[in-house]
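A.B. asks: kindly return the folded structure for what I paste below:
(one chain, ligands or ions: 1)
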Amino acid sequence: MTAQAAAENWFRIISAPAPKREAEALLDAAFGLDRRTRASYRLREGSAPVPGLSFHAIDNTSGRLAGLVSFWPLRIHPAGQSALLLGPLAVHPDFQNGGLGAELMRTGLQAARAAGHALAFLVGDEPYYGRYGFTRTPERIILPGPYDPARLLHLELAPGALGDAAGLLLPEWRYEQLREKE
Ligand SMILES: CC(C)(COP(=O)(O)OP(=O)(O)OC[C@H]1O[C@@H](n2cnc3c(N)ncnc32)[C@H](O)[C@@H]1OP(=O)(O)O)[C@@H](O)C(=O)NCCC(=O)NCCS
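C.D. replies: Below is the predicted model:
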């Protein structure tokens, strides 16, 4: 059985955010308790996930929450391009290496493309996300606050979507707030 077939048999993927308390416990287990200091948290602060782009996986045997992924609204300031922030993607350590991460990525990216989104960013490990086509983002695009530029990755869901965009990646609400003041 391929990893994808195994994941499809062992887990069911639900198109909705995971229940909050279970999601927080899973994220603590996957990323550790210091996860809130990460750069991607600053990009999600004050936002809600993009409707229709949150997924969670339930283990068919135990009924436990096994993994989750969601996407959040970003804009590049001042260029104005819309983009998605992918994350968090997490699989509980009890269920890792069974193909579920890949299944959540496949489902999430397919839904993002189907909804017409052209560009996705994330802050994460290139050796992992490279297998889904994410590559290092040119340094003309930056994040607020401290971060490791080698971990800012992007994927063009529509070819050429990044173009020559430059600027600061912000939560969409923050971009709109700045534009109102300009
Ligand atoms: C990353 C994560 C979502 C993968 O989920 P998963 O269900 O275990 O993934 P899959 O079973 O689809 O794929 C496992 C593969 O990913 C690789 N992998 C996992 N984390 C990796 C990382 N940080 N860097 C490189 N490869 C990684 C595994 O070695 C395995 O490789 P293989 O296919 O060559 O055997 C999960 O391990 C997780 O939540 N980890 C904690 C958070 C984390 O470390 N994230 C890293 C990116 S920021």
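A.B. asks: kindly report the residues of the chain close to the ligand.
C.D. replies: Applying C-beta under 6 Å from any ligand atom, we find that the chain lies next to the ligand at 30-31, 89-91, 96-102, 124-125, 127-128. Any C-beta I mention is one placed from the backbone N, CA and C, and that applies to glycine too.
A.B. asks: helices of the chain, start to end?
C.D. replies: In order along the chain, the chain carries the following helices (DSSP state H): 3-10, 20-31, 39-44, 100-114, 126-129, 172-181.
A.B. asks: if we can go back for a sec, which one of the residues of the chain next to the ligand is nearest the ligand?
C.D. replies: Nearest to the ligand among the residues of the chain next to the ligand is residue 101, at 2.4 Å by C-beta to the nearest ligand atom.
A.B. asks: which ones are touching that closest one?
C.D. replies: With contacts taken as C-beta atoms under 8 Å, 6 or more residues apart in numbering, residue 101 has the following neighbours: 67, 89, 91.
A.B. asks: I'd say the second one and residue 69 touch.
C.D. replies: Yes. With contact defined as C-beta atoms under 8 Å, residue 89 reaches residue 69; the gap is 4.5 Å.
A.B. asks: who touches both of those two?
C.D. replies: Joint contacts of residue 89 and residue 69 (C-beta under 8 Å, 6+ apart) are 104, 105, 108.
A.B. asks: mind putting the helices of the chain into JSON lines with mean pLDDT and distance to residue 154?
C.D. replies: Written out in JSON lines, the entries for the helices of the chain read as follows (pLDDT from 0 to 100; distance: least, C-beta to C-beta, whole Å):
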{"stretch": "helix 3-10", "mean pLDDT": "78", "distance to residue 154": "24"}
{"stretch": "helix 20-31", "mean pLDDT": "97", "distance to residue 154": "21"}
{"stretch": "helix 39-44", "mean pLDDT": "94", "distance to residue 154": "13"}
{"stretch": "helix 100-114", "mean pLDDT": "98", "distance to residue 154": "13"}
{"stretch": "helix 126-129", "mean pLDDT": "97", "distance to residue 154": "10"}
{"stretch": "helix 172-181", "mean pLDDT": "94", "distance to residue 154": "17"}
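A.B. asks: what would those helices look like in a markdown table with distance to residue 84?
C.D. replies: Converted to a markdown table, the helices of the chain look like this (distance: least, C-beta to C-beta, whole Å):
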| stretch | distance to residue 84 |
| --- | --- |
| helix 3-10 | 23 |
| helix 20-31 | 19 |
| helix 39-44 | 11 |
| helix 100-114 | 6 |
| helix 126-129 | 14 |
| helix 172-181 | 10 |
